[in-house]
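Asker: Sequence and computational prediction follow.
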Amino acid sequence: MTIPIWMKTKDTVHNMKKIFILIFCIFSLQIIGQKEPTSTTFFKPYPENFTVKHALEVESLVPMFFTGGYHFAVGYRFKRFRIRASVINGGTYNAERAGVNNSSNSFKRYYTTSPGLFLGYNIWRNLELYTYLEFHTFAITQRSTQVVKNLKSIDSGLGISYQIFVGRYFYIQPGLHFYVRAKNSLAFLGETYHIPTKDFSVVLRLGVRLWRKY
């Protein structure tokens, strides 16, 4: 028995409709299941840098290198918290000018190699509020005689700074530090040096985020 051509054509069209509907359904489900595409750029990466859950960072208080000293720090971030360890040597930087009270024009105060420990919390985006303990050894120089004596001091206080990322890895972190310390003094020829119990300083760190996990 021969099937009329018009019946073959009708069946073919019907089958093609089924295939088309099936393909349309599969394609529609794929579209529904897809997330909206998120654009990312060098200056605005996605996910945003402040959303990181784990990160390992290294940074440096770069101005110390211009005074013949150095500063290195390594930090670990867990969600909003960050712990950081550092070592500083101020070279020829005169920290006496940072003193809020009792700063003396008769003496200079230099950072010798000293360690520090910092604990911070990101209060908003990349804005970090932190506290610290720095175990400083200052070299106190009497200007008139150039006699140098060492003075040890445990400095604590508060700092606030903001990480400005340039891309995904590098950042600039300007900030403000307010130090407090116990009263201490040293006797020199004809004078007594009293270290300021408060310091206020502007800081600028450059850093690199070596590893991260969102």
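Answerer: Now that the structure is in, tell me what you want to look at.
Asker: Every contact and neighbour count from this point should use C-alpha atoms.
Answerer: OK.
Asker: Name the residue closest to the centre of the protein, please.
Answerer: Nearest to the geometric centre of the chain sits Gln163, at 5.1 Å (Cα atoms, centre = their mean).
Asker: who touches that residue in this structure?
Answerer: Asn126, Leu127, Glu128, Tyr171, Ile172, Gln173, Pro174 (Cα atoms under 8 Å, 6 or more residues apart in numbering).
Asker: For the third one, list each beta-bridge partner.
Answerer: Each beta-bridge partner of Glu128 is listed here, defined by DSSP bridges: Asn122, Ser161.
Asker: again, but for Pro115
Answerer: Residues in beta-bridge contact with Pro115 (DSSP bridges): Val87.
Asker: circling back: may I see the contacts of Gln163 organised as CSV, with pLDDT added?
Answerer: CSV is the format used below for the contacts of Gln163 (pLDDT from 0 to 100):
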residue, pLDDT
Asn126, 96
Leu127, 98
Glu128, 98
Tyr171, 97
Ile172, 97
Gln173, 98
Pro174, 98
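Asker: Could you dump the residues you listed into JSON lines and include neighbour count?
Answerer: Formatted as JSON lines, the contacts of Gln163 follow (neighbours: other Cα atoms under 10 Å):
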{"residue": "Asn126", "neighbour count": "18"}
{"residue": "Leu127", "neighbour count": "17"}
{"residue": "Glu128", "neighbour count": "21"}
{"residue": "Tyr171", "neighbour count": "19"}
{"residue": "Ile172", "neighbour count": "18"}
{"residue": "Gln173", "neighbour count": "21"}
{"residue": "Pro174", "neighbour count": "16"}
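Asker: And the helices in the protein?
Answerer: In the chain, the segments counted as helices under DSSP state H are 5-33, 63-66.
Asker: hey, least reliable of those by pLDDT?
Answerer: Here the helices of the chain differ in mean pLDDT, and the lowest is helix 5-33 at a mean of 50.
Asker: what about stretch 120-136, start to end distance?
Answerer: 20 Å (Cα to Cα, to the nearest Å).
Asker: now what about it, what contacts it?
Answerer: 50-51, 80-83, 111-119, 152-164.
Asker: Select only the buried ones of those in PyMOL?
Answerer: Buried members of the contacts of stretch 120-136, defined by 16 or more other Cα atoms under 10 Å, are picked up in PyMOL with:
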select buried, resi 50+80+81+82+83+111+112+113+114+115+116+117+118+119+153+155+156+157+158+159+160+161+162+163+164
